[in-house]
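J.: no sequence on this one, just coordinates:
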């Protein structure tokens, strides 16, 4: 482990990852002209793109440190510095995500530009699914749902002007009757939400939701203080429907490629064996 001059210490990746990261940063640097970076063109250049010292200056780090990054050496860099590098190199969203994946750290600007709003075709996609299906954002607001989901949840999404899955589970009495093994599921979803919300705990939507749930649900508040974190997994989901009796589904969750903070959840009936 090597500590950066910015005080960030993190585990270094494998040599192959470091090499790939250095080559990617070097390639991206070669595409940025001084004019694109807001610098005077200056004297004639032997190679296209910015010089290493120019990127280092714009990022506020030493030339030596930046050179080590491009060389794939064992250095640790704070997320804020990676963010500045991504900005100076004018990385597109996919390129920025690739940079932070190789660097093995969380992007401090992770998908903030995508917060709020639902992609136009999303509701049409959900409507095309025959099984109960819905889409959650990072605060677990329900952005889209289809008629089978509405039927399964006994019109809950239409009753709530701003449907949110966590508020439903912990604050709507109907959830305790509908969800089989409610206590076990409630404990699990708190840990799943913590995993989802970890990078966004300072955002207004998440803060507001947590404040409401901690004040109005003793069960949520109890499990939230336990700091358990688990992945959102698929598997058997059972419901005691008020009209149709006991129903069983296999839950499958997908993250959307163009909006990674959105989750498409489907509940498939029958003996479906799949992993989320």
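T.: Sure thing, it's come through. Just so it is clear, the model here is predicted, and its values are computed rather than measured.
J.: who's in contact with residue 152?
T.: 132, 239, 241, 247, 267 (C-beta atoms under 8 Å, 6 or more residues apart in numbering). For the C-beta atoms, the positions are set from N, CA and C on the backbone; glycine is no exception.
J.: isn't the fourth one right next to residue 236, touching?
T.: Same thing as residue 247. No: Residue 247 is beyond contact range of residue 236, at 11.1 Å (criterion: C-beta atoms under 8 Å).
J.: So these two - more neighbours on which side?
T.: Neighbour count, other C-beta atoms under 10 Å: between residue 247 and residue 236, residue 247 has more, with 16 against 11.
J.: For the more buried one, which residues count as its bridge partners?
T.: residue 239 (DSSP bridges).
J.: start the count at 688, not 1, going forward
T.: All right, first residue 688 from here; so that's residue 934.
J.: part of a helix, is residue 720?
T.: No: Residue 720 is assigned coil when assessed by DSSP: H, G, I helix; E, B strand; the rest coil, not a helix.
J.: distance of it from residue 744?
T.: From residue 720 across to residue 744, the span is 16 Å (C-beta to C-beta, to the nearest Å).
J.: Who has more neighbours out of these two?
T.: A side-by-side neighbour count of residue 720 and residue 744, using other C-beta under 10 Å, places residue 744 first with 16 against 13.
J.: Which secondary structure element of the protein has the lowest mean pLDDT?
T.: Within the chain, no helix or strand scores below helix 780-790, which has a mean of 86 by mean pLDDT, DSSP states H and E.
J.: Show me what the helix or strand following it is packed against.
T.: Using DSSP states H and E, the helix or strand that directly follows helix 780-790 along the chain is helix 809-814. Packing partners of helix 809-814 (3 or more C-beta pairs under 8 Å, 6 or more residues apart in numbering; DSSP states H and E): strand 820-823, strand 829-832.
J.: and helix 809-814, what's its mean pLDDT?
T.: Averaged over helix 809-814, pLDDT sits at 92.
J.: Please apply the same query to stretch 900-911.
T.: On average, stretch 900-911 scores 97.
J.: What residues of that stretch count as buried?
T.: By neighbour count, with 16 or more other C-beta atoms under 10 Å as the criterion, the buried positions of stretch 900-911 are 900, 904, 907, 910-911.
J.: Among those residues, which one lies nearest to residue 768?
T.: residue 911 (31.9 Å; C-beta to C-beta).
J.: To what extent is the residue lying closest to that closest one once chain neighbours are set aside buried, counted in neighbours?
T.: Spatially, and ignoring its direct neighbours in sequence, residue 911 is nearest to residue 877 (5.8 Å; C-beta to C-beta, 6 or more residues apart in numbering). For residue 877, the neighbour count with other C-beta under 10 Å is 26.
J.: Give me the helices and strands touching the helix or strand hosting residue 877, please.
T.: Residue 877 is located in helix 869-884, with elements delineated by DSSP H and E. Where contact means 3+ C-beta pairs under 8 Å, 6+ apart, helix 869-884 is packed against helix 852-858, helix 905-911.
J.: Which one (most neighbours) among the contacts of residue 839?
T.: Across the contacts of residue 839, neighbour numbers were computed from other C-beta under 10 Å; residue 819 holds the maximum, 25 neighbours.
J.: Phi, psi for it please.
T.: Dihedral angles of residue 819 (phi, psi; degrees, to the nearest 10) stand at phi -60, psi 130.
J.: Could you double-check that it sits in contact with residue 833?
T.: Yes: at 7.0 Å, residue 819 and residue 833 qualify as touching, with contact defined as C-beta under 8 Å.
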